[in-house]
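Asker: would you be able to build a 3D model of this:
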Amino acid sequence: MAPHSLLLIMLTSSSALVNQPVLTRYAANQILEASEAAAKAKGWPVTICVADGGGVPLALARLDDAFPASAELAMAKARTAALFRKPSADLEAAANGVRPALLSVGEAMLGGGEPIFVDGYCVG
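Answerer: So this is what the prediction gives:
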């Protein structure tokens, strides 16, 4: 048996894997719709992005009068919140205070991104 075959068998053992929730496109759209309604109620012309646990966008909406660059910023904030598993505002505060080195990471250290947790797992 080839060495990579043995590795594959070892990794597919259920005892070596963790079951965790995953954010679906359907759930992402529900979050997007609720966020859009809240933003409209407050009169905020924003772009909303819902990303999965790896920071990959699943749903995006640029509301009327949101500036064009807000789409890129929304995706970056959603990615940052998911990858760091904390609100991007916390990272912005740290970068502006005790951790300026965070600015060299390459993610968006701007408030507005919120991680999504289900059963203790970051799913978005």
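Asker: any idea where the helices of the protein begin and end?
Answerer: In the chain, the helices defined using DSSP state H lie at 3-11, 25-41, 70-84, 88-96.
Asker: in JSON lines, list those helices along with mean pLDDT, distance to residue 111 and mean neighbour count.
Answerer: Placement of C-beta: from N, CA and C, glycine included. Listed next are the helices of the chain as JSON lines, based on pLDDT from 0 to 100; distance: least, CB to CB, whole Å; neighbours: other CB atoms under 10 Å:
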{"stretch": "helix 3-11", "mean pLDDT": "55", "distance to residue 111": "39", "mean neighbour count": "9"}
{"stretch": "helix 25-41", "mean pLDDT": "97", "distance to residue 111": "15", "mean neighbour count": "14"}
{"stretch": "helix 70-84", "mean pLDDT": "95", "distance to residue 111": "8", "mean neighbour count": "22"}
{"stretch": "helix 88-96", "mean pLDDT": "86", "distance to residue 111": "3", "mean neighbour count": "18"}
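Asker: out of those, nearest to residue 59?
Answerer: helix 25-41 (4.2 Å; CB to CB).
Asker: counting by contacts, list what the closest one packs against.
Answerer: The elements that helix 25-41 packs onto, with contact taken as 3 or more CB pairs under 8 Å, 6 or more residues apart in numbering; DSSP states H and E, are strand 47-51, strand 57-62.
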